[in-house]
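Engineer: just the structure for this:
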Amino acid sequence: MRHETKYAKSGDLSIAYQVVGHGSRDLVFVMGWVSHIEMFWTEPHFARFLERLASFSRLILFGKRGTGLSDRPAHLPTLEERMDDVRAVMDAAGSERAALFGVSEGGPMCALFAATYPERTTALIIDGGYARSIWTPDYPWAKTVEQRERYFAYMEAHWGSDVWLEARAPTLARDPEFRQWWSAYLRMSASPGAAVAFSRMNWQIDIRNILPTIHVPTLVMHREGDQAVHVGNGRYLAEHIPGATYVEMPGNDHVPFSGDQDAVLDQIEMFLTGTRRPDTPDKVLATILVVEIVESMVLATRLGEAEWNGIHARYHEMARDEIARWRGREVRRTGAGGVAAFDGPARAIRCARAIVGRASALGLRVRAGLHTGECEVAEDDVRGPAAQIAAWVLGRAGPGEVVVSGTIFDLVAGSGIEFEQLDHALTIGPSRQVHLYRVASTDEPRSNAMVTARVDIHPKSPLSPRELEVATLIGRGLSNRMIADELSISIATVERHAANIFTKLGVRSRASVAVWAAANDLLSVHSS
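Structural biologist: Sure, this is the predicted structure:
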C-alpha cells in the first residue's frame, strides 16, 4: 500500500514524513538507527506492524535528518536537532499533542522530547531502548570501547549486506526475502560513511540524568533475550522513569515487527486506548494464490476418466509439494485447481511460477492469480475481500500466466521479479480500481526473441553441470542470494555462473534463461 510522502521544514532542512490512519489520538513512530519511510512499507511484516498502529491512532512517520528521504545536514545531528525535527513534523501534520513511540536509539530521543516538551507529549513508549551506549561499572549492560571499535570496523567493511540481521531480527533472519529487504533497506537509508558516523554519535548518548524529569505516562517494553540491546537497559529505564509501566516479553528479536509483533502491539494499544482488541487469530495479512487448470473439463473428456485421474493426481501432488517448498499452506482444492495462503508475496509468486512451469510438463496449461490483503483463514478455506480479489485477478490471467494485483507489485520491489503492466485495471466497487501486472513467464514465450531462444537449442547443452543447476534455479525465479543459499556457494560465484550462462545461451535476461530451462524440461524436475 502506498502512502503519500510530504516534507516539513526544520530550519534549513526538509524532513520527509507520512500520516497514516484517522484515529482520534496522534502517535509519532521513531525508528531506531537509520530509516527510510517508504522502504518501511515494502516489507510485509513491517507494513502489517504499521497498519496495526494506524488502526487505533493517526500514525505519523518521519525520516531522520541525514537518512532516507530527508535532507543531509553539513554536520551530524544532535538529539536537540532531532527533537526539532519531531516538532516540525508534528506542526506540519497539524498535531498539537502526540504519543511518542521510540524503537532502540529512537527511545532516548523520545524520552528527551517528553521531558522537554511535556505539553506536546501525551505518552511515551520505548521498545528495545537504552539510557547509555558505553559501558561503565554502574551501567554494565552497554558495550565496551573495544567492542564499539570492532562494531564500527565491521559496519564500514560490510555495509550494504545484511549487517547484524541475526542480532536484530533472528526470527526472520533465515528468510532470504527478508535478508534481501534488510540489505536494501540499509543501503537506501544511509551510505556506509553516514551509517558509521550516525552510529558513533549514537554511542555518545547518555540520558540517565534526565530520566527522573519525565512526567508523562510511560510504557517501557523489552524482550528478555534481545540480542542487540541487553534487557538490562529496559529494566534500568523503567526503574528510573517515575511511574513507568514495564513489560518484559519473551523472545530474542530486537526490532518490534520481528517475532511476536502482536504481543508488542497489544501492549501499545492497551496502554494508549485502555482496551485491547478481541482475539481474532484467524484474521491475518496473507498473500492468496488461486490456480486453475485451463479447460480442465475439455481435457478430461478428451483423455478419458482413467488417464485424466492419473494426471490430475500427479498435478495436485506436484502443487502440494511446491506450496510446501515455498512455505505456503494449501487451504482448498477444486476440480480445476486450488487455493493457497502465503506469508510472503515473493514466495507466493515463485510458487505460482513453479506450478505453472511444472504443470506444462504434465501436458496441462495452468494460470494463476495473486493478491495480498487481510483475510480470514479457516481450516479448509480463506474468506474475505483478499480471497475474492485474488479470484478476480485469476480471471484476467491467460494460459501459462501469473497475474498479480498492484498491492503485490508494490510489496516485492527489489526482489528481482519482472513484471508487465496489463492495459486494463480491475474495478473493485464503484470507486476503486486495482492495477494488474503479469509476471515474466517461465514457460510460454511472448516475444520473437524468446521464441528463437526456445527453438534454437543445441541438442547437447553448452552449460556445465553447475551452470545447469544455476540455470534451473534462475528458471524457478530464485534471486542470486537465494541460489547461493540453495547451492551453498557465494553470491559472487552465482553471478559468475549467471554471466557465463547468458554468454553461452546468447541471451540477455533471466526471463530468457527461464524460457530455455523450461524448453529443456529442467523445471519439470522436482528438487527441494
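Engineer: mind listing the strands for the stretch 101-250 of the chain?
Structural biologist: Using DSSP state E, counting those that start in this stretch, the strands of the stretch 101-250 of the chain run over residues 121-127, 218-223, 245-249.
Engineer: output the contacting helices and strands for the shortest one.
Structural biologist: Taking 3 or more CB pairs under 8 Å, 6 or more residues apart in numbering; DSSP states H and E as the contact definition, the neighbouring helices and strands of strand 245-249 are strand 218-223, helix 231-240, helix 261-273. Bear in mind the C-beta positions are built from the backbone N, C-alpha and C, glycine included.
Engineer: the second one: how far from the chain's middle?
Structural biologist: The one in question is helix 231-240. Helix 231-240 has its C-alpha centroid displaced from the chain centroid by 30 Å (CA atoms, centre = their mean, to the nearest Å).
Engineer: and if you look at the longest one?
Structural biologist: From the chain centre to the centre of helix 261-273 is a distance of 21 Å (CA atoms, centre = their mean).
Engineer: any idea of the angle it forms with strand 121-127?
Structural biologist: For helix 261-273 against strand 121-127, the angle by axes from the mean of the first three to the mean of the last three CA atoms, to 10 degrees is 160 degrees.
Engineer: for helix 261-273, what is the average pLDDT?
Structural biologist: Mean per-residue pLDDT for helix 261-273: 94.
Engineer: between it and strand 218-223, how big is the angle?
Structural biologist: Relative orientation of helix 261-273 and strand 218-223, computed by the same axes, to 10 degrees: 170 degrees.
Engineer: contacts for helix 261-273 next, please.
Structural biologist: Contact partners of helix 261-273, identified using CB atoms under 8 Å, 6 or more residues apart in numbering, comprise 25, 27, 45, 48-49, 52-53, 56-57, 99, 101, 123, 125, 127, 217, 219, 221, 245, 247, 249, 251, 256, 275-277.
Engineer: can you pull the contacts of residue 240?
Structural biologist: Residue 240 sits next to 131, 208, 211-212 when contact means CB under 8 Å, 6+ apart.
Engineer: in ChimeraX, how would I select just the buried ones from those?
Structural biologist: A single ChimeraX command selects the buried members of the contacts of residue 240 (16 or more other CB atoms under 10 Å):
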select :131,208,211
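Engineer: show the pLDDT at residue 335.
Structural biologist: At residue 335, pLDDT is 68.
Engineer: also the one 4 residues further on?
Structural biologist: Predicted confidence (pLDDT) for residue 339: 91.
Engineer: just residue 168 next, same as before
Structural biologist: 92.
Engineer: so it touches residue 223, yeah?
Structural biologist: No: using CB atoms under 8 Å, residue 168 is not in contact with residue 223; the gap is 11.4 Å.
Engineer: looking at those two, which one has more neighbours?
Structural biologist: Each of residue 168 and residue 223 has its neighbours counted (other CB atoms under 10 Å); residue 223 has more, 26 against 23.
Engineer: CA atoms only: put the longest helix seen in the chain into CSV for me.
Structural biologist: Ranked by residue count under DSSP state H, the longest helix found in the chain is helix 305-325. Extracted in CSV, the C-alpha atoms of helix 305-325 (Å, rounded to 0.1, in the frame of the first residue of the first chain):
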residue,chain,number,x,y,z
GLU,A,305,-11.6,-40.8,-16.9
ALA,A,306,-8.7,-43.1,-16.1
GLU,A,307,-5.9,-41.1,-17.8
TRP,A,308,-7.3,-37.8,-16.5
ASN,A,309,-7.5,-39.0,-13.0
GLY,A,310,-3.8,-40.1,-13.1
ILE,A,311,-2.6,-36.7,-14.5
HIS,A,312,-4.9,-34.9,-12.1
ALA,A,313,-3.5,-36.7,-9.1
ARG,A,314,0.1,-36.0,-10.2
TYR,A,315,-0.7,-32.4,-10.7
HIS,A,316,-2.1,-32.0,-7.2
GLU,A,317,0.9,-33.8,-5.7
MET,A,318,3.2,-31.5,-7.5
ALA,A,319,1.3,-28.4,-6.5
ARG,A,320,1.2,-29.5,-2.9
ASP,A,321,5.0,-30.1,-2.9
GLU,A,322,5.6,-26.6,-4.4
ILE,A,323,3.3,-24.9,-1.9
ALA,A,324,5.1,-26.6,1.0
ARG,A,325,8.5,-25.8,-0.6
